[in-house]
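Engineer: pasting the structure only:
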């Protein structure tokens, strides 16, 4: 099964994000928009995992959660990876607080101990809003930088759980199911 570790967003916050990007969605740019029900922050993609490995993953996740306190992170600013001129992913930024960075590092260590390669790219927490297709010629994303800059959104998320999430891909888009949830320490 295909798994990742992430932070799910509350329904009210997902709705606010969706309303904030509605004008961009209506532009007709070649982007496969993520269903707001699926908005989340990915911390670690694990990939295809055999079922018998999940207990050790869940145990490592619980250990990380027990040693990190809940915290609040701000959400603001829109952008694209790798660039706005040739985007593959459109995103909403999430503040990389010291608590967030420490938790991510602990997660990398814990997942390394159960056999997953550490992430080598720098950590840029974000909410994926859409994925750009390869269709369209040069200039199809002209002006996207201005459109993203014109969007306004400020919010915050209380990070209090880490979720092990199963991703099932289909023609209609991915379906996510929480397989295990570990609560962060309250202090």
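Structural biologist: That came through, no problem. Values in this document were obtained by computation on a predicted structure and should not be read as measured data.

Engineer: which stretches of this structure form strands?
Structural biologist: 2-8, 31-33, 40-48, 71-82, 87-94, 126-132, 154-159, 161-168, 175-183 (DSSP state E).

Engineer: Which among those is found nearest to residue 19?
Structural biologist: Closest approach to residue 19 among the strands of the chain is made by strand 154-159 (11.2 Å; Cβ to Cβ). Every C-beta, even on glycine, is put in place using the N, C-alpha and C of the backbone.

Engineer: Give me the buried positions along the closest one.
Structural biologist: 155, 157, 159 (16 or more other Cβ atoms under 10 Å).

Engineer: Off-centre distance for it?
Structural biologist: 13 Å (Cα atoms, centre = their mean, to the nearest Å).

Engineer: Quick one: list the elements packing against it.
Structural biologist: Applying 3 or more Cβ pairs under 8 Å, 6 or more residues apart in numbering; DSSP states H and E, we find strand 154-159 packed against helix 11-20, strand 71-82, helix 98-113.

Engineer: any weak-confidence spans in the chain?
Structural biologist: The chain contains residues with pLDDT under 70 at 134-138, 187.

Engineer: Who are the contact partners of residue 156?
Structural biologist: 72-75 (Cβ atoms under 8 Å, 6 or more residues apart in numbering).

Engineer: Mind checking the strands of the chain for the one nearest to residue 65?
Structural biologist: Going by Cβ to Cβ, the one of these nearest residue 65 is strand 175-183, 3.6 Å.

Engineer: Neighbouring strands - and their directions - for that closest one?
Structural biologist: Note on strand 175-183: by DSSP bridges, its sheet partners are strand 161-168 (antiparallel).

Engineer: Now do the strand it pairs with and strand 40-48, the angle between them.
Structural biologist: 60 degrees (axes from the mean of the first three to the mean of the last three Cα atoms, to 10 degrees).

Engineer: between strand 161-168 and strand 2-8, how many degrees?
Structural biologist: Using the same axes, to 10 degrees: strand 161-168 against strand 2-8 is 140 degrees.

Engineer: what number of residues lie near residue 30?
Structural biologist: 13 (other Cβ atoms under 10 Å).

Engineer: same question, residue 99
Structural biologist: By the measure other Cβ under 10 Å, the count of residues near residue 99 is 16.

Engineer: Surely it is in contact with residue 67?
Structural biologist: No. Using Cβ atoms under 8 Å, residue 99 is not in contact with residue 67; the gap is 11.8 Å.

Engineer: one step back: let me know the closest of the buried residues of strand 154-159 to residue 43.
Structural biologist: residue 159 (9.9 Å).
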